[in-house]
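*Asks:* kindly generate the corresponding structure for this input.
(2 chains)
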Amino acid sequence: MSPKIPKTLIIVPAFQEEATIGAVIDSVRDGFPEGDIVVIDDGSSDETGKIATSRGAKVLTLAYNLGIGGAVQTGYKYARDNGYDIAVQVDGDGQHPAIQIREIVAPVVRGEADVVVGSRFLGTGDYRPSIPRGAGIAIFSRVVSFIIKERLTDTTSGFRAVGRRVIEYYCTNYPEDYPEVEVLVMLHKKGFRIMEVPVKMTGRKGGSSSITPMWSVYYMLKVLFAIFVDLLRRPDK
Amino acid sequence: MNTVQIISILASVFLFAVVVDFVRRNLLKEKYSVLWLALSVVVIILSLWRGLLDRIAGMVGVSYAPSLLFLVAFIFVILILLHFSVVISILYDKNKVLTQELSLLKEKLARDGKPGEVKGRDRRTSGAKPTGRSSSGRVGRGGGYRGKAASKPDEAGSGSSSEPSPSAKGRAPKSGPSGGSARPSAGRLNKSSGRAAGKPSNRSAKPSGGSAVSDSDKKGRDA
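*Replies:* Now for the predicted structure:
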């Protein structure tokens, strides 16, 4: 495959996103027409899968709700099995600006990075999280930046582009729940190059976040513990 | 021998027996029974051999020796629970991989357009079954009572006479001109009428004959 025209897959994990999934698919197609779209219907009981199919996206239907990690990993397995060079992750809730897919893909295409994360806090974004959420995001960014000795501003962002080697790595190593933060530490340990690119995100257009206040404390502790355990793991496993 | 000793012996022997029985009945895998068996064996030994229990209790500073039994059992239970947590995690991982593979396969199947083909073939084979099949095969297929009851006459006169066939044939077409629509009526004949059950004796009396009756019977049952 020529590096000039890399085969790109847009992975859209979606759980109960019938309100937004159609618009997300359309905007991805407008913003990045050369990419193929695969929607991972993570055991939704609503019309998510039907709508995605009717909009012409490929749909992988999971028999039950695996959670974000397992769903996204299914997309990476699809990318691996079907020979994609680049995979982009875009949330099914419409928060991620499809128009900027090109910008997060570009460094991977140029070979400057193995993983590109779209950051809400670099540059001109006007995303203002709630105070507790903002605090959580800041703590994660500090912790991860400290561990990988590189400044990252938005470690919880799920808007990412990865190259072929990371696709293959993800197929065997991807955390189950709340994977975004933890996986950065794993990638760094593996020696992959991580880069952030400023993006503008909007609030979600429908549905509800998987991280409710009740779960946020659990979320924080779980992720920090997972990072800690990752550091204890042998580098070659 | 004091009461607590007797209780712990009885309880652990009972546990041992239950675990062995579960393994015997395939309710419990051998590899998950090991810790349970070890627990019961250790408790049996310690309750029977009071001297050993006392000595260990003295060593670890437990003043009332039988309470050491409960400590030992408790440690085993903790180990078993931890073991199960590990097993569950492994199962979870396997389950996840299976689910992912399943979704990938489903998508591939849908893309290749295979599911329709498979269904079509399925229908054809089930449609073909009634024509040339032995009665034993049909008993398995036919639903419950009807299939079983109706199959007996066939076995009795597997080379049945042609005599009853005209009546069956004669009745069948009334419900409709085509062979396909004849099936339900033949089925009704078999199921409800005493005459249908009585026929086999006549049939078996006459050795030779076509397979027309048994065929229509088969159709009726399968329809």
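*Asks:* now do the helices in chain B.
*Replies:* With DSSP state H as the criterion, chain B has helices at B:3-24, B:30-48, B:50-60, B:66-112, B:114-128, B:135-141, B:144-156, B:164-175, B:179-192, B:194-205, B:212-222.
*Asks:* give me the most central residue, chain A.
*Replies:* residue A:158 (3.2 Å; Cα atoms, centre = their mean).
*Asks:* am I right that it is in a helix?
*Replies:* No. Residue A:158 is assigned coil when assessed by DSSP: H, G, I helix; E, B strand; the rest coil, not a helix.
*Asks:* report the contact partners of it.
*Replies:* If you count contacts by Cβ atoms under 8 Å, 6 or more residues apart in numbering or on different chains, residue A:158 has them with A:68, A:89, A:91, A:96, A:180. In this view, the C-beta of every residue, glycine as well, is placed from N, C-alpha and C.
*Asks:* residues near the third one, how many?
*Replies:* In this case it means residue A:91. Residue A:91: 22 surrounding residues under other Cβ atoms under 10 Å in any protein chain shown.
*Asks:* got it, and the last one?
*Replies:* By other Cβ under 10 Å, the residues close to residue A:180 number 21.
*Asks:* same deal with the fourth one?
*Replies:* By the other Cβ under 10 Å criterion, the neighbourhood of residue A:96 contains 29 residues.
*Asks:* what pLDDT does it get?
*Replies:* The score at residue A:96 is 87. That number is its pLDDT.
*Asks:* next, it: phi, psi?
*Replies:* Main-chain dihedrals, residue A:96, degrees, to the nearest 10: phi -90, psi 130.
*Asks:* so it sits right up against residue A:200, yeah?
*Replies:* No. Assessed by Cβ atoms under 8 Å, residue A:96 is found out of contact with residue A:200, at 9.8 Å.
*Asks:* buried stuff in stretch A:188-197?
*Replies:* A:188-189, A:192-197 (16 or more other Cβ atoms under 10 Å in any protein chain shown).
*Asks:* quick one: end-to-end length of that stretch, please.
*Replies:* 17 Å (Cα to Cα, to the nearest Å).
*Asks:* neighbouring contacts of it?
*Replies:* Against stretch A:188-197 from outside (Cβ under 8 Å, 6+ apart): A:100, A:103-104, A:107, A:112-119, A:122, A:147-148, A:150, A:152-154, A:165-166, A:169, A:184, A:187, A:230-231, A:233, A:235.
*Asks:* which of those residues count as buried?
*Replies:* Here, 16+ other Cβ under 10 Å leaves A:100, A:104, A:107, A:113-119, A:122, A:147-148, A:152-154, A:166, A:169, A:184, A:187, A:230 buried among the contacts of stretch A:188-197.
*Asks:* shaky segments in chain A?
*Replies:* A:1-4, A:124-126, A:203-212, A:235-237 (pLDDT under 70).
*Asks:* go again using 50 as the cut-off
*Replies:* Along chain A, the model assigns pLDDT under 50 to residues A:1-3, A:237.
*Asks:* interface residues of it facing chain B?
*Replies:* A:40, A:58-64, A:66, A:70, A:73-74, A:77-78, A:81, A:176 (Cβ under 8 Å from any Cβ of the partner chain).
*Asks:* most widely separated two among those?
*Replies:* A:58 and A:176 (23.4 Å; Cβ to Cβ).
*Asks:* which residue, neighbours along the chain excluded, lies closest to residue A:166?
*Replies:* residue A:114 (5.1 Å; Cβ to Cβ, 6 or more residues apart in numbering or on different chains).
*Asks:* I figured the one you found hits residue A:86, correct?
*Replies:* No. Contact criterion Cβ under 8 Å: residue A:114 and residue A:86 do not qualify, at 10.5 Å.
*Asks:* buried residues in stretch B:96-116?
*Replies:* Neighbour-count burial for stretch B:96-116 [16+ other Cβ under 10 Å]: B:96, B:99-100, B:103-104, B:106-107.
*Asks:* nope, stretch B:14-24 is what I was after
*Replies:* B:15-16, B:19, B:23.
*Asks:* ok so, going back, narrow the residues of chain A next to chain B to those in strands?
*Replies:* Those of the residues of chain A next to chain B mapping onto strands are A:40, A:58-61, per DSSP state E.
*Asks:* helices of chain A, residue ranges please.
*Replies:* Counting by DSSP H, the helices of chain A are A:21-31, A:48-54, A:68-81, A:101-109, A:131-148, A:164-172, A:179-190, A:213-232.
*Asks:* for the third one, buried residues please.
*Replies:* The one in question is helix A:68-81. Here helix A:68-81 shows A:68-80 as buried, counting by 16+ other Cβ under 10 Å.
*Asks:* next: the longest one.
*Replies:* By 16+ other Cβ under 10 Å, the buried positions in helix A:213-232 come out as A:219-220, A:223, A:226-227, A:230.
*Asks:* contacts for it?
*Replies:* So helix A:213-232 is contacted by A:132-133, A:136, A:139-140, A:143-144, A:147, A:175, A:177-178, A:181-182, A:185-186, A:189, A:211 (Cβ under 8 Å, 6+ apart).
*Asks:* can you rerun that using 10 Å?
*Replies:* Residues outside helix A:213-232 that contact it (Cβ atoms under 10 Å, 6 or more residues apart in numbering or on different chains): A:130, A:132-133, A:135-136, A:139-140, A:143-144, A:147, A:155-156, A:173, A:175-186, A:188-189, A:209-212.
*Asks:* returning to that earlier point: shared neighbours, residue A:96 and residue A:200?
*Replies:* Common neighbours of residue A:96 and residue A:200, counting by Cβ under 10 Å, 6+ apart, are A:118, A:120.
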